[in-house]
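In: My questions are about this predicted structure, shown below with the sequence.
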Amino acid sequence: MIKSPLYSAILKSVSGRLSTYIVQFASLAIYARLFTPEEFGIMASIQVFVIFFQMIADFGIGPAIINEEECSSNKRDGIFTVTAIIGSILAIIFFFFSYLLNSFYSGYEYQNIAFFVCLAIFFSTLNIVPMTSMNKDTKFIHLAAIDIFVECLSLTVVYVLYSMGFGLLALATRPATQSTIKFLLTWFLSLKTELGRPYLGCELYHIKSILSFSLYQFAFNFINYFSRNLDNILIAKYFGMASVGLYQKSYQLMRYPLMVTTFAMAPAIQPILTKVRNDKNKVIREHNLLTSRLLALSLPISFFMFVNSYNLILFLLGEQWLAIEPLIKIFTLMIPIQAVLSTSGSFFQVMNQPRLLFIAGALAAIVNVTAIITGIILGKMEYVAFYLVIAFSINFFCSYHILFQYCFRSRATDFYLCLLKVLALMALPIALYYIVNVAFLSNYHYSAFVDLLVNFSFGLISIALFFVPIKKILK
């Protein structure tokens, strides 16, 4: 049975990520009260391109190394050296690229923060191989401890610099501090992994051995980047920095539940299931069970955020961010779709089908870009968010058609039936919670924290009343 090692790895990953996100949530609340939406918008506008440069640096190296059954120390060191060279080149290129951002966005001199961004690009690239060493051995608790320490340290640095009057520059030091310290700690701890601690080596040619896998992964990441970040670029360009700050923060709040669920589980899927990918039926069973559980978990989270969006914003971000409430309500509709859909990439990797992953990503990119441009033309951020929900719904069916038809070479009937059963069953506690909320809970208003606590408590009670049938259907 592969259930035990898979869910043991998932439990470690989710436990680690959950503790990390609790700390990040606290940091988010502090940052939101220190900096304005416009300042966050400036950072979001440049962060979009930072992600692009980091994606170029990676080009699928991590998943490709995990896909390898054996990786010698010479090969590891050669690949590590390649990442160091690429990171250095991209950091230098980005500094000069920042001059183009001045004319593209206008109104801000990005050189003021480009130096810190260049450091972040270099050290995040250098961290690819050490991070892969930790992920391959499913050392998710260690990685979580690193993330928590790094988050606390960077928050301290930002707060001290903010107190000294550095303003936006204080916020700009955050990614540089995080990437630098994270690399040093990950590199140090990678010594006790199967892959081992990487050092600079001279056998750079080893990078060729993983290109056949990594290039398709890179192509997928490339098109996925534009389909996921074009909205931030265009909103910053046409709606202004304050608008993209609000939009980015609302999207970030929507992603946190996904980070605790899907994004936390995904790193555990490939290292465990790759070992048994020759038994396709087992992989399919694990896929259907995992996605059913994710849907059951994400549905009540989505509805809770929809109903309590006002208090969530007030408690986490403060009054200056209340304008994002309409965006949050729209984005919460995307949570169950993304919770399930975001695992599909890991199963393409498990079955060693990066080409099909690229095709699915290409189709998704076309749909997403169309949705974003349509929303921009209509002139409101809410339209962009609404059409993205429609786009992800379309991509859901397209991606799973490709996964089952051409990757698993099996019918998707059982998969959709599992999801329908979960939808039908979870509708009962959600309906009960909604009725009680409308009839009783919404009539009483205390502080945002107390209102959230009361609603959360009754949400748990509603689910507990149906716990037995829910547990039965998810076995």
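Out: Right, received. Where do you want to start?
In: Restricting to C-alpha, output the strand or helix carrying residue 459 in CSV.
Out: If you go by DSSP states H and E, residue 459 is part of helix 448-465. Extracted in CSV, the C-alpha atoms of helix 448-465 (Å, rounded to 0.1, in the frame of the first residue of the first chain):
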residue,chain,number,x,y,z
ALA,A,448,-14.0,41.5,14.1
PHE,A,449,-12.1,38.9,16.0
VAL,A,450,-15.0,37.8,18.1
ASP,A,451,-17.3,37.6,15.1
LEU,A,452,-14.8,35.5,13.3
LEU,A,453,-14.4,33.2,16.3
VAL,A,454,-18.1,32.7,16.7
ASN,A,455,-18.6,32.0,13.0
PHE,A,456,-15.7,29.7,12.9
SER,A,457,-16.8,27.8,15.9
PHE,A,458,-20.3,27.2,14.5
GLY,A,459,-18.8,26.3,11.2
LEU,A,460,-16.9,23.5,12.9
ILE,A,461,-20.1,22.4,14.7
SER,A,462,-21.9,22.2,11.4
ILE,A,463,-19.3,20.0,9.9
ALA,A,464,-19.1,17.9,13.1
LEU,A,465,-22.8,17.1,12.8
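In: What is that helix packed up against?
Out: helix 280-307, helix 309-316, helix 413-439 (3 or more C-beta pairs under 8 Å, 6 or more residues apart in numbering; DSSP states H and E). For glycine as for every other residue, the C-beta is placed from the backbone atoms N, C-alpha and C.
In: in that helix, what counts as buried?
Out: 448, 451-452, 454-455, 458-459, 462-463 (16 or more other C-beta atoms under 10 Å).
In: Out of these, which comes closest to residue 258?
Out: Closest approach between those and residue 258, by C-beta to C-beta: residue 459, at 18.3 Å.
In: Any stretches of the stretch 251-400 of the chain with poor pLDDT?
Out: 260-272, 274, 276 (pLDDT under 70).
In: hmm, 90 instead?
Out: 251-294, 296-298, 307-325, 338-362, 364-365, 368-369, 379-381 (pLDDT under 90).
In: Which stretches in it count as helices?
Out: 262-273, 280-307, 309-316, 325-332, 335-341, 344-350, 354-378, 381-402 (DSSP state H, counting those that start in this stretch).
In: and the residue lying closest to residue 451 once chain neighbours are set aside, how far is that from residue 432?
Out: In space, and not counting its chain neighbours, residue 451 is closest to residue 311: 4.9 Å by C-beta to C-beta, 6 or more residues apart in numbering. Plainly put, residue 311 is 20 Å away from residue 432 if you go by C-beta to C-beta, to the nearest Å.
In: follow-up on the earlier one: which one of the helices and strands packed on helix 448-465 lies nearest to residue 357?
Out: helix 280-307 (14.4 Å).
In: The closest one: how far from the chain's middle?
Out: 16 Å (C-alpha atoms, centre = their mean, to the nearest Å).
In: Can you mark which positions in it are buried?
Out: Under 16+ other C-beta under 10 Å, the buried positions of helix 280-307 are 282-284, 286-307.
In: picking that back up, right, and the helix or strand after the helix holding residue 459?
Out: Criterion used, DSSP H and E; the element after helix 448-465 is helix 467-473.
In: Could you list the residues in contact with that next one?
Out: In this structure, residues lying in contact with helix 467-473 by C-beta atoms under 8 Å, 6 or more residues apart in numbering are 292, 296, 421-422, 425-426, 429, 463.
In: Include distance to residue 329 when you put the residues you listed into a markdown table, please.
Out: What follows is the contacts of helix 467-473, written out as a markdown table (distance: C-beta to C-beta, whole Å):
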| residue | distance to residue 329 |
| --- | --- |
| 292 | 26 |
| 296 | 22 |
| 421 | 27 |
| 422 | 23 |
| 425 | 24 |
| 426 | 19 |
| 429 | 20 |
| 463 | 22 |
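In: so which one among those has the lowest pLDDT?
Out: Checking pLDDT across the contacts of helix 467-473, the minimum falls on residue 463 at 85.
In: quick one: contacts for the nearest residue in space to it that is not next to it in sequence?
Out: What sits nearest to residue 463 in space, not counting adjacent residues and going by C-beta to C-beta, 6+ apart, is residue 429, at 4.8 Å. Taking C-beta under 8 Å, 6+ apart, we find residue 429 in contact with 300, 459, 462-463, 465-466, 470.
In: Mind picking the two most distant members of these?
Out: Within the contacts of residue 429, 459 and 470 form the most distant pair, 13.5 Å apart (C-beta to C-beta).
In: Could you list the low-pLDDT ranges of the stretch 51-200 of the chain?
Out: In the stretch 51-200 of the chain, residues with pLDDT under 90: 51-87, 90-91, 93-121, 124-148, 151, 162-176, 178, 186, 188-200.
In: again, 70 this time
Out: Those would be 58-60, 62-63, 66-70, 106-108, if you go by pLDDT under 70 across the stretch 51-200 of the chain.
In: can you give me the helices in it?
Out: Ranges of helices in the stretch 51-200 of the chain, per DSSP H, counting those that start in this stretch, are 61-67, 73-105, 111-126, 128-136, 140-163, 168-189.
In: Give me whichever of those helices is most buried.
Out: Ranked by mean neighbour count, these are led by helix 128-136 with a mean of 25 (mean count of other C-beta atoms under 10 Å).
In: Measure how that helix sits relative to helix 111-126, angle-wise.
Out: Using axes from the mean of the first three to the mean of the last three C-alpha atoms, to 10 degrees, the direction of helix 128-136 lies 50 degrees away from that of helix 111-126.
In: Hmm, residue 403 and residue 360 touching each other?
Out: Yes. Contact criterion C-beta atoms under 8 Å: residue 360 and residue 403 qualify, at 7.3 Å.
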